[in-house]
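Colleague: Would you be able to build a 3D model of this:
(2 chains, ligands or ions: 3)
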2 protein chains.
Amino acid sequence: MSSIATQFVRQGKKIVAIGRNYAEHIKELNNTRPKEPFFFLKPTTSYLVSGGNVEIPNGVVAHHEVELGLVIGKGGRDISQDAAESHVAGYALAVDMTARNMQDDVKKKGLPWSAVKGFDTFTPIGTFIPKSSIPDPYDLRLALKINGAVKQDGTTSDMIFRIPRLIEHISSIMTLEEGDLILTGTPSGVGPVAPGDTVECTLAEPSGKILDQLTFTAISRNGGYLFKP
Amino acid sequence: MSSIATQFVRQGKKIVAIGRNYAEHIKELNNTRPKEPFFFLKPTTSYLVSGGNVEIPNGVVAHHEVELGLVIGKGGRDISQDAAESHVAGYALAVDMTARNMQDDVKKKGLPWSAVKGFDTFTPIGTFIPKSSIPDPYDLRLALKINGAVKQDGTTSDMIFRIPRLIEHISSIMTLEEGDLILTGTPSGVGPVAPGDTVECTLAEPSGKILDQLTFTAISRNGGYLFKP
Ligand SMILES: [Mg+2]
Ligand SMILES: [Mg+2]
Ligand SMILES: [Mg+2]
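Modeller: Ligands and ions are numbered 1, 2, ... in the order given. As a prediction, the model looks like this:
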């Protein structure tokens, strides 16, 4: 199968990332629980395939957020919750890297999150997993280790807003297209990734069967933007 | 000439929009002048070609912001100010439609601007203007009328951060690709566009010579997202 969806890393146009979709993660950052889903955009230039280097920008404290990604197979607008599943082509394991100290700063100032979330290499991404390989997307383990130590180990059963509601919400605002990726939020355990760290992520069934693994190493960004608070 | 750049509306992957780049506009919204440029992303699904309908979402007060767009011809990262001009393929007249009451709300809450700026039809866009047609991008008139009454009439000579600085800044954070559009900020005079309004924008030389015109009509969005403050 070759299509825009299976080639979403090269051919997709947008990444729509949901914030605050796991209760324990909301608590750990002292955020409030949203009444409806909210999202931000990440550029596709932030994709990093497994085995690559995440570049930590100068002055930035970068946090890992391991997430389940949805790959859109059929575009649409005003997609109903009933129809939502038919628009999903598959899944991908992803990390929503976040410049946390910059985010604290822009949140205070009421400024956009686009730079905070959009640095090159800030979306490490696994392989395309066809929908047929995942019978129940709400019964998956999402885990992340740094240098062998477990930092995140959550289950997608804890999502506050489930996939049909996310697709309904996003597509009521902006049209979804084939190859778009939706990041569904991170469970608790987020924290810093420092230059020299090796990060390993796993998407697995409760039985232990591994669906995908994603690995990257963090290095210091050479040149580029310098964050001064 | 046919290329990704000339076909940026269909083939481009991102829109990077600069905020607060004209002093008089900063004053009219009681915002603070930024120490460095800042930007947000708009999805390419928000493009609307001239002659179309801007759909005002339910519960939303939508403001017009007429802007000069830069179309990237050659991608790059860490582009220096000296090299910046060589990465620009051309220009386009654009409107950065903004859900102003939603923006006031998310600014207070420290939430992302992506929905506020990213509704379908929220980036009315003119035709590709080759770079050779505009010898001086800092001596252009940007004007917008609603139902024949002038609302915005500014000059690009008033930009706070000029094009090379914008390209340097953005590309120090995220790689620019051919077909990306950079919106360079709006002069003063922003205000609401209501269903039934006809909006006409003009990009012109100081001599009066018109470089492009862009027209749209505002209608109420049928269905879709409802903003409740
Ligand atoms: Mg996240
Ligand atoms: Mg995009
Ligand atoms: Mg604007």
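Colleague: what sits up against the biggest strand by length in chain A?
Modeller: Counting residues, the longest strand found in chain A (DSSP state E) is strand A:210-220. Residues outside strand A:210-220 that contact it (CB atoms under 8 Å, 6 or more residues apart in numbering or on different chains) are A:48, A:50-56, A:58, A:62, A:91-95, A:124-127, A:129, A:133-134, A:140, A:193-205. (Glycine included, C-beta is placed from N, CA and C.)
Colleague: Next step: the residues you listed restricted to strands.
Modeller: Per DSSP E, the subset of those in strands is A:48, A:53-56, A:62, A:91-95, A:124-125, A:129, A:198-204.
Colleague: Filter these to keep only those in contact with ligand 3.
Modeller: Among the ones in strands among the contacts of strand A:210-220, no residue is within reach of ligand 3 (CB under 5 Å from the ion).
Colleague: Now, of those, which are buried?
Modeller: A:48, A:54-56, A:62, A:91-95, A:124-125, A:129, A:199-204 (16 or more other CB atoms under 10 Å in any protein chain shown).
Colleague: Stretch A:22-37: which residues count as buried?
Modeller: The neighbour-count check on stretch A:22-37 (16+ other CB under 10 Å) flags A:Tyr22, A:His25, A:Ile26, A:Pro34, A:Pro37 as buried.
Colleague: now, which of those residues sits nearest A:Thr156?
Modeller: Ranked by distance to A:Thr156 (CB to CB), the buried residues of stretch A:22-37 are led by A:Tyr22 at 9.0 Å.
Colleague: The closest residue to the closest one other than its chain neighbours in helix, strand or coil?
Modeller: Spatial nearest neighbour of A:Tyr22, excluding adjacent residues (CB to CB, 6 or more residues apart in numbering or on different chains): A:Pro187 at 4.6 Å. Of the three states, A:Pro187 takes coil under DSSP: H, G, I helix; E, B strand; the rest coil.
Colleague: A:Lys108 now?
Modeller: helix.
Colleague: what's near enough to touch it?
Modeller: Neighbours of A:Lys108 in contact, by CB under 8 Å, 6+ apart: B:Gly110.
Colleague: Next: A:Glu67.
Modeller: Contact analysis of A:Glu67 by CB under 8 Å, 6+ apart lists A:Ala17, A:Ala94, A:Val95, A:Asp96, A:Leu142, A:Leu183, A:Thr184, A:Gly185, A:Thr186.
Colleague: ok, and for stretch A:99-113, which residues are buried?
Modeller: For stretch A:99-113, by 16+ other CB under 10 Å, it's A:Ala99, A:Arg100, A:Asn101, A:Met102, A:Gln103, A:Val106, A:Lys107, A:Gly110, A:Leu111, A:Pro112, A:Trp113.
Colleague: What score does the nearest residue to the last one once chain neighbours are set aside have for pLDDT?
Modeller: Read it as A:Trp113. Using CB to CB, 6+ apart and skipping residues adjacent in sequence, the residue nearest A:Trp113 is B:Pro112, 4.4 Å away. On pLDDT, B:Pro112 comes in at 98.
Colleague: Assess the claim that B:Pro112 and B:Met102 are in contact.
Modeller: No. The criterion here is CB atoms under 8 Å, and B:Pro112 misses it with B:Met102 at 11.1 Å.
Colleague: List the contacts of the helix or strand bottoming out on mean pLDDT in chain A.
Modeller: The helix or strand of chain A with the poorest confidence is helix A:23-28; it has a mean of 89 (mean pLDDT, DSSP states H and E). The contact list for helix A:23-28, computed with CB under 8 Å, 6+ apart, reads A:Arg20, A:Thr32, A:Arg33, A:Gly154, A:Asp158, A:Ile160, A:Gly185, A:Thr186, A:Pro187, A:Ser188, A:Gly189, A:Val190.
Colleague: Distance of A:Thr217 relative to chain B?
Modeller: Using CB to the nearest CB, to the nearest Å, A:Thr217 is found at 19 Å from chain B.
Colleague: Give me the number of neighbouring residues for that residue.
Modeller: Neighbours of A:Thr217 under the rule other CB atoms under 10 Å in any protein chain shown: 14.
Colleague: Residues in a beta bridge with A:His63, which ones?
Modeller: A:Thr98, A:Pro192 (DSSP bridges).
Colleague: what pLDDT does it get?
Modeller: Confidence for A:His63, expressed as pLDDT, is 98.
Colleague: Can you tell me what sits against stretch A:150-161?
Modeller: With CB under 8 Å, 6+ apart as the test, stretch A:150-161 has contacts from A:18, A:20-24, A:33-34, A:36-37, A:64, A:66, A:68, A:137-145, A:169, A:184-191, A:206.
Colleague: confidence score at A:Met1?
Modeller: pLDDT, read off for A:Met1, is 54.
Colleague: A:Gln11 is in contact with A:Leu181, correct?
Modeller: No. In this structure A:Leu181 lies outside contact range of A:Gln11 using CB under 8 Å: 11.2 Å.
Colleague: Tell me which of the two has more neighbours.
Modeller: For A:Leu181 versus A:Gln11, neighbours defined as other CB under 10 Å are more numerous around A:Leu181 (26 against 14).
Colleague: related to what we said a few turns ago, can you put the buried residues of stretch A:99-113 in a markdown table and add distance to ligand 3?
Modeller: Listed next are the buried residues of stretch A:99-113 as a markdown table, based on distance: CB to the ion, whole Å:
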| residue | distance to ligand 3 |
| --- | --- |
| A:Ala99 | 23 |
| A:Arg100 | 27 |
| A:Asn101 | 26 |
| A:Met102 | 21 |
| A:Gln103 | 22 |
| A:Val106 | 17 |
| A:Lys107 | 20 |
| A:Gly110 | 15 |
| A:Leu111 | 13 |
| A:Pro112 | 11 |
| A:Trp113 | 16 |
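Colleague: Run through the residues of chain A sitting next to ligand 1.
Modeller: A:Glu65, A:Asp96, A:Thr186.
Colleague: rerun at 8 Å
Modeller: Residues of chain A lying near ligand 1 by CB under 8 Å from the ion: A:Ala17, A:Ile18, A:Gly19, A:Glu65, A:Glu67, A:Asp96, A:Thr98, A:Lys117, A:Leu183, A:Gly185, A:Thr186.
Colleague: now the residue of chain A found nearest ligand 1, nearest residue through space, not along the chain?
Modeller: Proximity of chain A to ligand 1 (CB to the ion) peaks at A:Asp96, 3.4 Å away. Distances taken as CB to CB, 6+ apart place A:Glu65 nearest to A:Asp96, at 4.2 Å, with adjacent residues excluded.
Colleague: any idea of the pLDDT on the residue lying closest to A:Tyr91 once chain neighbours are set aside?
Modeller: Leaving aside its chain neighbours, A:Tyr91 sits nearest to A:Ile129 (4.5 Å; criterion: CB to CB, 6+ apart). pLDDT for A:Ile129: 98.
Colleague: quick one: contacts for A:Ile129?
Modeller: By CB under 8 Å, 6+ apart, the neighbours of A:Ile129 are A:Gly90, A:Tyr91, A:Ala92, A:Leu93, A:Leu203, A:Leu211, A:Asp212.
Colleague: Distance-wise, check the third one relative to ligand 3.
Modeller: Plainly put, A:Ala92 is 32 Å away from ligand 3 if you go by CB to the ion, to the nearest Å.
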